[in-house]
Structures are given as structure tokens and as C-alpha cells.
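Novice: Show me the folded form of this:
(chains A and B)
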Amino acid sequence: MKRVLDQIVENRVFFLLVLFVILFAVFAISVQNFFTFYNLTNMTQYGVELGLLALAEMLVILSGGGGIDLSVGSMLTIVAMIIGVLIGRVGLNPSLAIFLGLSAGMGMGYLNGVLVSYTKILPFIVTLASLYVYKSLALIIAVDPRFGPNPMPVSNFPESFYFVGQYRIGGIPFQVLCIFIPVILLLYVLLEKSVFGRYLYGVGSNEKAALFSGINVERVRVTVYTLSGLLSALSGWIITSRIASARPDIGTGYELQAITIAVLGGVSIKGGEGRIGGVVLGIAIITLLYNGMQLAGIHQIWQLGSLGVILVGSVLLNQMLLARRKM
Amino acid sequence: MTNTGLRRILQRREFTVFGLILALVILFSLTTERFMSVSNLSNLLLQLAGTAISAIGMTMVIITGGIDVSVGSALGMASVVAGKLLMGGYPPILVLLASLGVGLLIGLFNGMLIAWGNIPPIIATLGMMSILRSLMYQLLGGRWISGIPPAIRIIGLGKWLGIPISMWVTAFLIGFFTYFLSSRPLGRAIYAVGNNPEAARISGIDLRRTTLFVYAVLGALVGFAGLVYVARTGIVQTNTGSGFELEVIAAVVLGGTSILGGRGTVIGSLLGAFLVGIIKNGMVLLNVPALSEGLVIGVLIILSVMIDVIRVRGERI
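Specialist: Sure thing, here's the model as predicted:
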């Protein structure tokens, strides 16, 4: 028993795996229609949008120095609106519009990164400010002068635009197979196998040491914030395609859920600690939980509450086991 | 001959914010007719009170090096409880105590998780934020509360000497907590904990009790702000208070409190709350679309902190 407890403290991924298996078993036994091919594949699409944001938070929080990105929800929203307006109102070619939207996401992330790295303002404050700015810009973009001064959603897309969010390949949602899984694999290589990954963990766990060993700390940080912008932008594109509408309030509140999942996945809020495997499991657990609760007929409002309980509970358990071992 | 006293005032962050407020007041009173009217100013104060009261508590939490993102949900929770009791015809004093109590309980819970559970503040309060929002939906059952009896609305809308009662309460609280933070041992301990927890511990400060105290006070103040909110607007919705946490944090940060802890004043936060309130109000009067409100607030946060960075050079703000 003691060995198992030690494992849980030592190895977050193992702990999450146990949690995942337990949850899965509980739902498979007690909830009707849960353990079907359709449901299991179908539910993965709901994990993609929040999952991409959680991966963004993972990168940023790993970089240390108080790293956090409160603006992911706003970046998602503004990219959704850019793509929506360019296609639906300007009539631009969808591929070009998507390219511009993703570039805008990267640009906004880059701006966050530059402000964090070169002005010495803490990430919390920079991204709090950009949360407001990007959200406000999204609202301004959403105004269609033809219909008065209020922000309006866009929903007249060509059929081809829905491919990403609504199509399946062999029963598996397109966005899972062709975007989410490749993104995870790429990030895995980046974090675990590349020089950049080692730099990132170095910068996150000990900035001074990283600096003295010749790592360009600023460049590493700018890169992760830029990636955070790109991942948020991808999420904005996918969500717009899935719900067939670009809405100017779509990403509100996502930032805190994304941070929650990253932390649940074992990313230390202090930086430099946490593995992508943990975060992916965190995403899987939350997706599973939301789906299982929905099928069990538990009202949607409890999704948020259970997320909170799991977050606080898992961190508390971790701290208690840690304290016990020290005694 | 240099006047060091004056220079010190001029160098303070509060002075920068005050200068900004003054400039905006002049700008808005020249460009709009209604800004300086009694009805507009008292309306402005009414809307400010809740943010300002919560910002007092948030200032103390941030001075200790913490953060509380659950205040929006806590405000919602307190409004629901206050609204339900008011609709049930309970006496106002009981409703007041209940709102304070709900807030206090939430704050105590946060404080316990952080101080005894060793959970980083942002994580503990993130969790609480989601849990409270779910509980609040459950209590409301998806419906609104509206038609709050007029007796209580005096807290939200009543005036004494032309100034809203909620603003008098705010002024009293600001005065009290300024004195408390600068002159009481526990007040000084709050700064000590934020500056250097280890040194504070060695000099005999109880870290856990200090932490518990600041979150509990913030909770109670937010509880009160919840009652003020219900009394002012007369309705409670399921999304009441969402986004409020960021507004309060923005006011505190604008007011010069360092997010790293150890530095800040409640007067600064009051000024921060005023700055945000005046911008919102003035933009409405100028017929600038409300959409650009966030743009202005965001740019202002960056600018005002940057001025500080240039001034203090080197230190992270």
C-alpha cells in the first residue's frame, strides 16, 4: 500500500491513469449508452477545443517566471470572429481566411510574449490586460454596420468550412484525428525530444541557471506565448466549424478551465515541472467526466463544479501524501 | 532646497493614478454635459461601491502574495442567498448578517485550503470559483430572482447628504483598513508575509493565521458587496458576478499593488476602482461604443504598470 501511495506522489501520470481507469469503469458500468463505439468516438471531439487551450497553458506555465496566459479565451474568440467575418461577410476564400486567423492568433501570442519578456511586467498582468483588449477587439470586429451598432454572430459559411468540425474519418471526428493527435505528438517531440524542450524546462525551473548556461530566456518565453496564441487560434477555428457559427462571446471563461486542466495534469504553477502525458490524461479525464455526467442526466451546471472538486481534491491529496512522506 | 516630502508624494504610484483620474474628469466634463451632473456622479459612485469594497480585501490578499479568483462566484453566491432571504420576507439585518456570513465562510474555506492544505492560491480559488458557480445555479434552479422588496434597496440606492450610503460604507472601510494596515500589528504582519514569508515566520508571525485572516476578510467584504449588488440592481441572475473577479483584480493592480506581494495600499485600489469606473462611465456619455471599454482598460493596465517599471527599474512588477 505504501508503495502505491509513493508512486502516486512520485508519478502524477500514474495517479491520473488510475483516476481515468476508475472513472471509465464507473461510467461503463453505471451509465447506459456510455460504452458504445459511437459515444466513445463522439465525445472526443468535445475534448479538442478545451484540450488545445490546456496544452497552451501547459507550455506557458512550464516556462516559469509566473507564467500564465489569461488571454487564451479571448484569443480564441477573436480568431473565431476574424475567420467568421472574413468568410461570412467579406466573402474571402475559407483557406485564406483560416490562414489569416491562425496568423493573427500567433501575432497576439507573440505580443504577449514580447511584453512578458522585455518589459518585466508579470505574465498575470500582461495577459489580464490582453484578455480585456482582445475580447474588446473581438466585439468590435463582430459589429456589422449594416445591422446597427451591436456585435453580431456570423453563421453563413460555405459547406466546405464545416469539414474540420463536423466530419468523421472511420467514425473518428476529423479534428481529433487530423489536428489534435498530431498537435499532441508534435508537442511531445518538442518537449521531450528536442533541445528547445530542455531549454524550456531549464528556464522554468531555474531562470538564473538557464541564463548562465547561455540559454536565451527571452526567446524561449516569446516562443511559448506565440505557441499559446497559435493553439488558441486552432481551437477558435475548430469551434467555429463545429457549431457552424462565429460568436463574439464564445471563449469567455475558457481560460480558467484550461488552467485548471493543465494543473490537474500535474503542471506545477511555479513552472519547470509537468509532463505532456499528464496534461493529455487531464484532458481525457475531464472529457470523460463531462460526457459521463451528461449521459447520466446530471445537469450541465455540475460539470464546472465537478471540475473544481477534482482540481482541489487532487492537489490536496498530492500535498497530503507529500507531507505524510516527509514525516 | 528640495522638498523631500512633496517629492515622495509625487513619486508614489497613487499619485500617477490620481493624476490620470483628474485628467479624465477634466476631459469628460469638458466634452460631455452630463458627466458633472449630480445624478451622473452619484450613479457612478453607486456602481463603484461593490468593486471598491471588494478591492479592499483583494489588496490585502495580494499583499500577502496571494490571489483570489473566486470573488466573482462568491459575489454571486452572496447575492443569491441575500435575494432568496429578501424574497422570503426576512428582516434586513438578518439578510445583512447572512450575506456577510456566506462570504466569510467562503473566505475561510479558501484560507484553510491555502494555509493548511498548502494549495497555491490561484489553484484553490480557481477550484472554488467553479464549485460556487455550480452551487449557485443549483440554488437558483435556472430562474432569476427579481422584484426585491424596496425596504432593502436603501443599502444600494439610498443617499445621505447626497452621497450613496454604500459609498459612505466604502469610505469608512477604506479609512479603517488604511489605519489597520499601517498601524496595527496584524496589518504590518500582512506586509511582512508578502515581503519575505521566511523572515516573517522567524520573527514570530503566524503565517497560517495571517493567510486565513486576509481571505476571510476578503470573503466577508465580497459578501457585503453581494448584498449591495442585489440592493442596487434588484435582480439576481445565474451569471451574476461572472467576470467580477478580473475587474476587482484590475482595480487593485492599477492602484499599484504588486502582484508579487509586499507592496500596495487600499487607497491605491480605491483610486484604481475609480479609474475603471470613470472610464466606463465617461465612454457611455461620449457615446463611444461600450465594446471598446476593455480595450481602454487593458491598455491602461499595461501603461500604468509600465510607468512603474520604468520608475523602479529592474524589479518585476
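Novice: CA only for contacts and neighbour counts going forward, please
Specialist: Noted.
Novice: dump the residue contacts of B:Ile282.
Specialist: One thing to correct before we go on: residue B:282 is Gly, not Ile. Shown here is B:Gly282, whose contacts under the criterion Cα atoms under 8 Å, 6 or more residues apart in numbering or on different chains are B:28, B:35.
Novice: quick one: which helix or strand includes it?
Specialist: helix B:266-285 (DSSP states H and E).
Novice: Buried ones in the helix or strand following that helix, by neighbour count?
Specialist: The first helix or strand that comes after helix B:266-285 along the chain, using DSSP H and E, is helix B:293-312. Buried residues in helix B:293-312, counted by 16 or more other Cα atoms under 10 Å in any protein chain shown: B:293-298, B:300-302, B:304-306, B:308-309.
Novice: Let me know the angle separating helix B:293-312 from helix B:266-285.
Specialist: Comparing the axes of helix B:293-312 and helix B:266-285 via axes from the mean of the first three to the mean of the last three Cα atoms, to 10 degrees yields an angle of 140 degrees.
Novice: Quick one: mean pLDDT for helix B:293-312?
Specialist: Rounded to a whole number, the mean pLDDT of helix B:293-312 is 76.
Novice: what sits up against it?
Specialist: Helix B:293-312 is contacted by residues A:119-121, A:125-126, A:128-137, B:13, B:17, B:250, B:253-254, B:256, B:276, B:279-280, B:283, B:315-317 when judged by Cα under 8 Å, 6+ apart.
Novice: Just the buried ones from those, in PyMOL syntax?
Specialist: Here is the PyMOL selection string for the buried members of the contacts of helix B:293-312, based on 16+ other Cα under 10 Å:
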select buried, (chain A and resi 119+120+121+125+126+128+129+130+131+132+133+134+135+136+137) or (chain B and resi 13+17+250+253+254+256+276+279+280+283+317)
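Novice: Out of the contacts of helix B:293-312, which sit inside strands?
Specialist: Of the positions in the contacts of helix B:293-312, not one sits in strands, assigned by DSSP state E.
Novice: And chain A, is stretch B:65-76 touching that?
Specialist: No - residues of stretch B:65-76 contacting chain A under Cα under 8 Å from any Cα of the partner chain: none, with a closest distance of 9.2 Å.
Novice: Would you mind writing the CA trace of that stretch as PDB?
Specialist: Once non-C-alpha atoms are left out, stretch B:65-76 reads as follows in PDB (Å, rounded to 0.1, in the frame of the first residue of the first chain):
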ATOM      1  CA  GLY B  65       1.500  37.300  -2.200                       C
ATOM      2  CA  GLY B  66      -1.900  35.500  -2.900                       C
ATOM      3  CA  ILE B  67      -4.700  35.900  -5.300                       C
ATOM      4  CA  ASP B  68      -8.400  35.100  -5.200                       C
ATOM      5  CA  VAL B  69     -10.200  34.500  -8.500                       C
ATOM      6  CA  SER B  70     -13.300  33.100  -6.700                       C
ATOM      7  CA  VAL B  71     -14.700  36.500  -5.700                       C
ATOM      8  CA  GLY B  72     -17.000  36.700  -8.700                       C
ATOM      9  CA  SER B  73     -18.700  33.500  -7.800                       C
ATOM     10  CA  ALA B  74     -18.700  34.400  -4.200                       C
ATOM     11  CA  LEU B  75     -20.400  37.700  -5.000                       C
ATOM     12  CA  GLY B  76     -23.000  35.700  -7.000                       C
END
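Novice: Give me the contacts around that stretch.
Specialist: With Cα under 8 Å, 6+ apart as the criterion, stretch B:65-76 contacts B:58, B:61, B:103, B:106, B:121-122, B:125-126, B:128-130, B:132-133, B:136, B:193-194, B:215, B:219, B:222-223, B:225-226, B:236, B:238-246, B:259-262.
Novice: do the same with stretch A:299-315
Specialist: With Cα under 8 Å, 6+ apart as the test, stretch A:299-315 has contacts from A:260-261, A:263-264, A:286, A:289-290, A:293-294, B:119, B:123-124, B:126-135, B:137-138.
Novice: out of everything not next to it in sequence, what's closest to the residue nearest to the spatial centre of chain B?
Specialist: The central residue of chain B, meaning the one whose C-alpha is nearest the mean C-alpha position (Cα atoms, centre = their mean), is B:Ala55 at 2.0 Å. Across the structure, with Cα to Cα, 6 or more residues apart in numbering or on different chains as the measure, the residue nearest B:Ala55 apart from its sequence neighbours is B:Val248 (5.5 Å).
Novice: how about the one you found, what does it touch?
Specialist: Shown here is B:Val248, whose contacts under the criterion Cα under 8 Å, 6+ apart are B:51-52, B:54-55, B:58, B:273.
Novice: Looking at those residues, which are in helices?
Specialist: Among the contacts of B:Val248, the members falling in helices are B:51-52, B:54-55, B:58, B:273 (criterion: DSSP state H).
Novice: Farthest pair within those?
Specialist: Distance extremes for the ones in helices among the contacts of B:Val248: the farthest pair is B:Met58 and B:Ala273 at 11.9 Å, using Cα to Cα.
Novice: residues shared between the contacts of those two?
Specialist: Applying Cα under 8 Å, 6+ apart, one finds that B:Met58 and B:Ala273 are jointly contacted by B:248, B:252.
Novice: What's the local residue count around the closest residue to B:Pro197 other than its chain neighbours?
Specialist: Here the nearest residue to B:Pro197 in space, its sequence neighbours aside, is B:Leu207; by Cα to Cα, 6+ apart that works out to 7.4 Å. Applying the criterion other Cα atoms under 10 Å in any protein chain shown, we find 19 residues in the vicinity of B:Leu207.
Novice: can you map out the strands along chain A?
Specialist: With DSSP E as the criterion, chain A has strands spanning A:168-169, A:172-173.
Novice: Around chain A, which positions in the stretch 51-200 of chain B sit nearby?
Specialist: For the stretch 51-200 of chain B, the residues found near chain A under the criterion Cα under 8 Å from any Cα are B:113, B:117-120, B:123-124, B:126-135, B:137-138.
Novice: what about the stretch 151-300 of chain B, any weak spots by pLDDT?
Specialist: In the prediction, the stretch 151-300 of chain B carries residues with pLDDT under 70 at positions B:151-152, B:154-157, B:289-290.
Novice: if you look at stretch A:134-143, does any of it touch chain B?
Specialist: Yes - legend: contact between stretch A:134-143 and chain B by Cα under 8 Å from any Cα is shown at A:134-137, A:139-140.
Novice: Next step: the contacts of stretch B:65-76 restricted to strands.
Specialist: Among these, the members falling in strands (DSSP E) are B:Val236.
Novice: quick one, which of B:Met58 and B:Ala273 is more surrounded?
Specialist: Set B:Met58 next to B:Ala273 and count neighbours by other Cα under 10 Å: B:Met58 wins out with 33 against 28.
Novice: Pull up the gap between the closest residue in space to that one that isn't next to it in sequence and A:Lys193, please.
Specialist: If you skip the residues right next to it in sequence, B:Met58 has B:Leu218 as its closest partner in space, 6.1 Å away by Cα to Cα, 6+ apart. Taking Cα to Cα, to the nearest Å as the measure, B:Leu218 falls 45 Å from A:Lys193.
Novice: more neighbours, those two?
Specialist: When B:Leu218 and A:Lys193 are compared on other Cα under 10 Å, the one with more neighbours turns out to be B:Leu218, at 27 against 11.
Novice: what about the helices in the stretch 1-150 of chain A?
Specialist: Residue ranges of the helices in the stretch 1-150 of chain A, as given by DSSP state H, counting those that start in this stretch, are A:2-10, A:12-30, A:37-62, A:72-85, A:94-118, A:123-142.
Novice: Please apply the same query to the stretch 51-200 of chain B.
Specialist: In the stretch 51-200 of chain B, helices defined by DSSP H, counting those that start in this stretch lie at B:71-87, B:92-115, B:121-140, B:153-157, B:165-183, B:185-195, B:197-202, listed in chain order.
Novice: TSV please, covering the ones you listed and showing mean neighbour count.
Specialist: What follows is these, written out as TSV (neighbours: other Cα atoms under 10 Å in any protein chain shown):
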stretch	mean neighbour count
helix B:71-87	28
helix B:92-115	22
helix B:121-140	23
helix B:153-157	20
helix B:165-183	17
helix B:185-195	20
helix B:197-202	14
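Novice: So for B:Ser39, which of the ones you listed sits nearest?
Specialist: Distances from B:Ser39 to each of the helices of the stretch 51-200 of chain B were compared using Cα to Cα; the minimum, 11.9 Å, belongs to helix B:153-157.
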